[in-house]
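1. Any chance you could fold what I've pasted below:
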Amino acid sequence: MSLRDLQPFFAAACALLVLAAPQCSAFGILVPSSVITRSSAGTTESTTATPLHMFGNLKGAFSNDKSLGKVDASPGLKGGPNVSECMINGKPVKAVAGQRVSQVAAAARVKITYSCKKGDCGTCEIMQNGRIVKACQAKINSGKCDIRTL
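-> The predicted structure follows:
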């Protein structure tokens, strides 16, 4: 069902609830307005429809916002992510500084044995820049990084 199919239902709902025209105009509904005239010949009733345009009341809502419509030349991260050159078992890999070593190793298809993935057991110990660390907890340094599995 499209919005056009639902317009009679919205019009009926507005008419039944006796809502004001600005509230019905948000739906783009034609609100019937009846005019009853009395003359010596009898009573005459004529019905006309007043068009209420969808969101017509919001026409000037954002007119004071100067930033609308402007497109940033470089959307996203300014200058891009901080990429580090890493070597995992002699294999060159690009990684983002602060990324977990376990994620980088998995993306490079380097097998590291894990047991708890919380840093408690020590089965995932690796050598990162000459220090023994746990791969599930260690993060990639900015700059050069050398990782060796044990």
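2. drop to CA atoms for contacts and neighbour counts, all remaining ones
-> Will do.
3. Could I get the contacting residues of the closest residue to Cys86 other than its chain neighbours?
-> In space, and not counting its chain neighbours, Cys86 is closest to Cys145: 4.6 Å by C-alpha to C-alpha, 6 or more residues apart in numbering. Contacts for Cys145 (C-alpha atoms under 8 Å, 6 or more residues apart in numbering) come out as 84-87, 128-129.
4. pLDDT score for Cys145?
-> The score at Cys145 is 92. That number is its pLDDT.
5. Likewise for Pro32?
-> Reported pLDDT for Pro32: 52.
6. Over to Ala97?
-> 91.
7. what's the neighbour count on Gln128?
-> 22 (other C-alpha atoms under 10 Å).
8. The residue nearest to Thr123 when sequence neighbours are not counted: helix or strand, and which one exactly?
-> Counting by C-alpha to C-alpha, 6+ apart, Tyr114 is the residue found nearest to Thr123 once chain neighbours are left out, at 5.8 Å. According to DSSP states H and E, Tyr114 maps onto no helix or strand at all.
9. quick one: contacts for Tyr114?
-> By C-alpha under 8 Å, 6+ apart, the neighbours of Tyr114 are 123-124, 136.
10. ok, now Lys111?
-> Lys111 touches Ala105, counting by C-alpha under 8 Å, 6+ apart.
11. That one: what secondary structure?
-> With DSSP: H, G, I helix; E, B strand; the rest coil as the basis, Lys111 sits in coil.
12. how much space between it and Lys139?
-> Distance of Lys111 to Lys139, given as C-alpha to C-alpha, to the nearest Å: 17 Å.
13. where do the helices sit along the chain?
-> 3-17, 21-25, 101-107 (DSSP state H).
14. looking at these, which has the lowest confidence?
-> helix 21-25 (a mean of 48).
15. Where does the prediction get shaky in the protein?
-> Low-confidence segments of the chain (pLDDT under 70): 1-4, 6, 9-57, 59, 71-78.
16. hey, where'd the strands end up in it?
-> 30-39, 42-51, 83-88, 91-96, 125-128, 131-134, 145-149 (DSSP state E).
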